[in-house]
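Chemist: Give me the fold of what follows.
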Amino acid sequence: MTFRIVNPDVLGRPSGWNHGMLAPAGGRLLFVAGQTAPQRTGLVEQWAGALERVLEVVRAAGGGPEHIGRMTVYITDRQAYLASLEPLGDVHRRLMGRHYPATALVEVRALLDPNAAVEIEATAVLP
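Modeler: Numbers count the residues shown, from 1 in each chain. Below you'll find the model as predicted:
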């Protein structure tokens, strides 16, 4: 199953994500609940743990990173995120390869678990 990447020129070239991902007809939708990794320390390690948990759900349903069409990432510290772009990119490529879903990043005041700095939810389309 391959998504068709949709990046209209008028919106500019995205980096590390895509504006739209068009799934082929006949795919099955998998909605992955928000995942955290509060037992890990620091934004980068928590991001890796949350994304690993998302991928565990996708794999359990028979998919892989390439089947994720969209992600929403909630962070509690925008400055920490901006200061960590390079290692976060490394985490993404290690876990997702060069697959970049349509992604929204939202700074929130807090997450339900007071030790969580990041939460990631996703939608995947499986064959």
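Chemist: Now name the helix or strand holding V32.
Modeler: When secondary structure is defined using DSSP states H and E, the element that contains V32 is strand 28-35.
Chemist: Describe which strands that strand pairs with in its sheet and in which direction.
Modeler: strand 118-126 (antiparallel) (DSSP bridges).
Chemist: Check which residues of the partner strand are buried.
Modeler: By neighbour count with 16 or more other C-beta atoms under 10 Å, strand 118-126 contains the buried residues 118-125. Placement of C-beta: from N, CA and C, glycine included.
Chemist: CA atoms only: put that strand into CSV for me.
Modeler: Taking only C-alpha atoms (Å, rounded to 0.1, in the frame of the first residue of the first chain), the coordinates of strand 118-126 have been written out as CSV:
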residue,chain,number,x,y,z
VAL,A,118,5.1,14.3,24.6
GLU,A,119,2.1,12.3,23.4
ILE,A,120,1.8,10.9,19.8
GLU,A,121,-1.4,9.6,18.2
ALA,A,122,-1.7,8.3,14.6
THR,A,123,-3.9,7.1,11.9
ALA,A,124,-2.7,4.3,9.6
VAL,A,125,-4.2,2.7,6.5
LEU,A,126,-3.5,-1.0,6.2
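Chemist: so where's the chain shaky on pLDDT?
Modeler: Per-residue confidence of the chain (counting by pLDDT under 70) places the weak regions at 1.
Chemist: What is the burial count for P38?
Modeler: As a burial measure, the neighbour count of P38 was computed by other C-beta atoms under 10 Å and equals 17.
Chemist: Not counting sequence-adjacent ones, nearest residue to it?
Modeler: In space, P38 comes closest to N115 once its chain neighbours are excluded; the distance is 3.7 Å by C-beta to C-beta, 6 or more residues apart in numbering.
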